[in-house]
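Got a predicted structure here, sequence first:
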Amino acid sequence: MVHAILRPHSFSFTTSSSTIEMHLSNVIGFTVDNHEPTSGKGKEKDATLSFVIHMCMLKNAKKNVREIAKFKFTCPDASHLERWQVALHNTLNPPGKPNNPSGRRITVIINPFSGTKTAPKVFAEVRPLFEIAGVLLNVVETSHAGHAREIGLSLDPNTCDGVVSVSGDGLLNELVNGLLERPDWKLSCKIPIGIIPGGSGNGLAWSLRVSNPISAALAIIKGHSRPMDAAMVIQHERRVWSFLTLTWTIISDVDLESEKYRWMGEPRFTVAAIKRIMSLRKYRGKIAFLPAHGDHEFEPSTSIPEAGPSSGSKPVKKGHVKCASFTDCEHCLGTPDHKIRSEQDTIPVTYASAEASVASLSQHSLHSVISENMDSLSPSSPTFLTNVPPDWTVLEGDFVLFVATNVTLISSDFMASPYAHLSDGAYDVMIIRDQPNLSRMKLLSMFMDTESGKFVHNPLVEFHKVRALALQPGPLVDGHKLKDRTEGGAMAIDGERMPYSPVVLEVFQGILNMMCFD
């Protein structure tokens, strides 16, 4: 005999030997078999008057890996089964609560060609979870480059309760750009965005702690969301949106050169990094940035204390706080209602050019720091970075490493910045300049610390939190000679190649609405 109890936040049952309690935040839903028991040929068949609880059990807390578990319960009669069915449905889908799983309309975008081409298989494995929860799915497989952007441009916020990307960071970048390019962006940016990792580069999924497809499906089904920053990136007449990284020098070289090893999955980045360090490149350039509030207080520290998912934020450097886990981080907390910047005209809805679009921001309630300084910060201006505002910092010389990141992890084994937060209004910038004591062995040693994030404390690395930045990439440096401007030079936005030319980036706080754990 099993005794089961359903409470507002948990479901427990007791056997003769033990008691098991399930928190409802891990319960996907239930299925019912309401056929009466039958008998035949002298013995009674198994009763089928039962219900099954489907849940996602935590297997690895550190990596937030879950596995599916099922618990079956048999009722004595149809009346008991009906009462359990009603009680379970109402508890998992409380009347009047927004974003209940049952009846939510989710558009799922799958890139069948991403990474190791496993995205369709990944989604097939978790699709039954959505169906058990009662989520209504509209599944679309992309057929060409830019398809996800087209979907983002056409989604109806009135009939779409969320959109999910099943791929790597590239497909998500297309989707985000489609949502933020729309005339009704103030509505479309509120559409919750979910991720089920299915590519070779799943940086945002790792940062949101949904790198495991089952955990990702659970987060989407439960419907919790939080605001996240995005950055407008401008190159001449081109404007794109970034949610992950802007990279130059060795980081973009590795990212783009690793494409030939895509069949390896995520290890491709490690292989390409070792190869590039052994054949090190240096680039001449100029960087200017507007420090985020308190960046001048950042001071070196010798170590980052260990922190687990429940330890919360720990101050390890003056003026900056480590994001141990965004679920416990006060800097990443917030609700879309008061954080998502959709109540103000923060983005131009029509524009003749990218620069005109930035200029138009000054007419709206949230000003753009770029629009205030177009003469010196316009990428196409002949006076670009010649007379920057006094509150900006300028760095000029030969550079080995440059990465600007919006999130903590840009891959499974690269914590680009342990101080990044979902919605702090800043990108974290790490820089290594050419210097007399720089050696390949020191770089290899530093890269060994990228998985833990400790590399930001390496004496070679300069760290800054920025609200905006401007970059003028220069030629490849070969000894004391400068090679052709474009030879070997590479830049990337969210892992996608961009023209090797001057670029400006400005962060807009909390403009995206990301589905993740509460």
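Good, I have the coordinates.

residue contacts, residue 225?
Counting by C-beta atoms under 8 Å, 6 or more residues apart in numbering, residue 225 touches 99, 192, 336, 513, 514, 515, 516. For glycine as for every other residue, the C-beta is placed from the backbone atoms N, C-alpha and C.

Out of these, give me the one that has the most neighbours.
Comparing the contacts of residue 225 by number of neighbours (other C-beta atoms under 10 Å), residue 516 comes first, having 27 neighbours.

Give me the distance between it and residue 422.
8 Å (C-beta to C-beta, to the nearest Å).

Quick one: residues contacting residue 102.
Residue 102 neighbours (C-beta under 8 Å, 6+ apart): 89, 92, 93, 133, 134, 135.

these two touch, right, residue 72 and residue 50?
Yes: the pair residue 72 / residue 50 is scored as a contact, 5.7 Å apart, by C-beta atoms under 8 Å.

where do the strands sit along the stretch 151-300 of the chain?
Secondary structure of the stretch 151-300 of the chain by DSSP state E, counting those that start in this stretch: the strands cover 162-167, 193-197, 225-235, 238-242, 245-249, 282-291.

Against which helices or strands is the second one packed?
Strand 193-197 sits against helix 119-133, strand 162-167, helix 169-180, helix 203-207, helix 213-222, strand 503-515, with contacts defined as 3 or more C-beta pairs under 8 Å, 6 or more residues apart in numbering; DSSP states H and E.

weakest of these in terms of mean pLDDT?
Among those, helix 203-207 has the lowest mean pLDDT, at a mean of 90.

Do I have it right that residue 125 meets residue 216?
No: using C-beta under 8 Å, residue 125 is not in contact with residue 216; the gap is 11.3 Å.

Identify the residues contacting stretch 114-129?
28, 54, 56, 68, 108, 110-112, 137, 139, 141, 166-168, 170-171, 196-201, 213-214, 216-218, 221, 262-263, 265.

Pull out the buried members of those.
28, 54, 56, 68, 108, 110-112, 166-168, 170-171, 196-201, 213-214, 216-218, 221, 262, 265 (16 or more other C-beta atoms under 10 Å).

now for the strands of the stretch 151-300 of the chain, which one comes closest to residue 16?
strand 193-197 (40.0 Å; C-beta to C-beta).

Just the CA trace of the closest one, in CSV.
The C-alpha trace of strand 193-197 is given here as CSV (Å, rounded to 0.1, in the frame of the first residue of the first chain):
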residue,chain,number,x,y,z
ILE,A,193,13.2,33.1,-25.7
GLY,A,194,14.3,29.6,-24.8
ILE,A,195,17.3,27.5,-25.8
ILE,A,196,17.7,23.8,-26.2
PRO,A,197,21.4,23.3,-27.1
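
longest strand anywhere in the chain?
strand 462-478 (DSSP state E).

If you count neighbours, what's buried in that one?
Neighbour count says strand 462-478 has 463-477 buried, by 16+ other C-beta under 10 Å.

out of those, who's nearest residue 207?
residue 465 (16.3 Å).

if we can go back for a sec, so if I had to pick from residue 72 and residue 50, which one is more boxed in?
Counting neighbours by other C-beta under 10 Å for residue 72 and for residue 50 shows that residue 50 has the greater number, 18 against 10.

How many residues are close by the residue nearest to residue 251 when sequence neighbours are not counted?
Leaving aside its chain neighbours, residue 251 sits nearest to residue 403 (4.6 Å; criterion: C-beta to C-beta, 6 or more residues apart in numbering). As a burial measure, residue 403 scores 24 neighbours (other C-beta under 10 Å).

any idea how far residue 403 lies from residue 477?
Residue 403 is 19 Å from residue 477, by C-beta to C-beta.

Tell me where the chain has helices.
Using DSSP state H, the helices of the chain run over 78-92, 119-133, 147-154, 169-180, 185-188, 203-207, 213-222, 250-257, 267-278, 336-339, 354-360, 374-377, 440-447.

so what secondary structure elements neighbour the last one?
The one in question is helix 440-447. So helix 440-447, by 3+ C-beta pairs under 8 Å, 6+ apart, packs with helix 267-278.

Any regions of the stretch 201-350 of the chain where pLDDT drops low?
Filtered on pLDDT under 70, the stretch 201-350 of the chain yields the residue ranges 259, 261-269, 294-350.

mind redoing it with 90?
201-203, 236-239, 249-282, 293-350 (pLDDT under 90).

got it, and the stretch 1-150 of the chain?
1-4, 15-18, 20, 33-49, 61-64, 76-77, 95-99, 113-117.

Tell me the pLDDT of the residue nearest to residue 506 when sequence neighbours are not counted.
Closest residue to residue 506 apart from its sequence neighbours, by C-beta to C-beta, 6+ apart: residue 468 at 4.3 Å. pLDDT, residue 468: 94.

Beta-bridge partners for residue 468, please?
residue 290, residue 506 (DSSP bridges).

That one contacts residue 508, doesn't it?
No: Residue 468 is not in contact with residue 508 according to C-beta under 8 Å; the separation is 10.2 Å.

Next up, the contacts around the nearest residue to residue 256 once chain neighbours are set aside.
Spatial nearest neighbour of residue 256, excluding adjacent residues (C-beta to C-beta, 6+ apart): residue 490 at 5.1 Å. The contact partners of residue 490, by C-beta under 8 Å, 6+ apart, come to 248, 252, 253, 256, 497, 500.

would a markdown table of those residues with neighbour count and distance to residue 229 be doable?
Formatted as a markdown table, the contacts of residue 490 follow (neighbours: other C-beta atoms under 10 Å; distance: C-beta to C-beta, whole Å):
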| residue | neighbour count | distance to residue 229 |
| --- | --- | --- |
| 248 | 25 | 20 |
| 252 | 24 | 21 |
| 253 | 24 | 26 |
| 256 | 17 | 24 |
| 497 | 13 | 23 |
| 500 | 20 | 25 |
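
export the residues you listed to CSV and tack on distance to residue 23?
CSV is the format used below for the contacts of residue 490 (distance: C-beta to C-beta, whole Å):
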residue, distance to residue 23
248, 45
252, 43
253, 45
256, 43
497, 44
500, 51
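
on that earlier part again, correct me, but the residue nearest to residue 251 touches residue 427?
No: Residue 403 lies out of contact with residue 427 (C-beta under 8 Å); the separation is 9.5 Å.

who touches both of those two?
What both residue 403 and residue 427 touch, as defined by C-beta under 8 Å, 6+ apart, is the set residue 246.

what's across from the residue nearest to residue 251 in the sheet?
residue 247, residue 430.

so how far is residue 395 from it?
Counting by C-beta to C-beta, the gap from residue 403 to residue 395 is 14 Å.

just residue 432 next, same as before
In terms of C-beta to C-beta, residue 432 sits 11 Å off from residue 395.

go on, residue 435?
In terms of C-beta to C-beta, residue 435 sits 13 Å off from residue 395.

what about those two, which has more around it?
Set residue 435 next to residue 395 and count neighbours by other C-beta under 10 Å: residue 395 wins out with 17 against 12.

wait, what's in contact with that one?
Residue 395 is in contact with 286, 287, 288, 431, 433, counting by C-beta under 8 Å, 6+ apart.

what's the spacing between the nearest residue to the second one once chain neighbours are set aside and residue 431?
What sits nearest to residue 287 in space, not counting adjacent residues and going by C-beta to C-beta, 6+ apart, is residue 395, at 4.6 Å. As judged by C-beta to C-beta, residue 395 and residue 431 stand 7 Å apart.

what do you get for residue 452?
19 Å.

who has more neighbours, those two?
A direct count of neighbours by other C-beta under 10 Å for residue 452 and residue 431 places residue 431 higher, at 20 against 13.

distance of the more buried one from residue 115?
29 Å.

which residues touch the closest residue in space to residue 206 that isn't next to it in sequence?
Leaving aside its chain neighbours, residue 206 sits nearest to residue 409 (4.0 Å; criterion: C-beta to C-beta, 6+ apart). Residue 409 is in contact with 203, 206, 207, 415, 416, counting by C-beta under 8 Å, 6+ apart.
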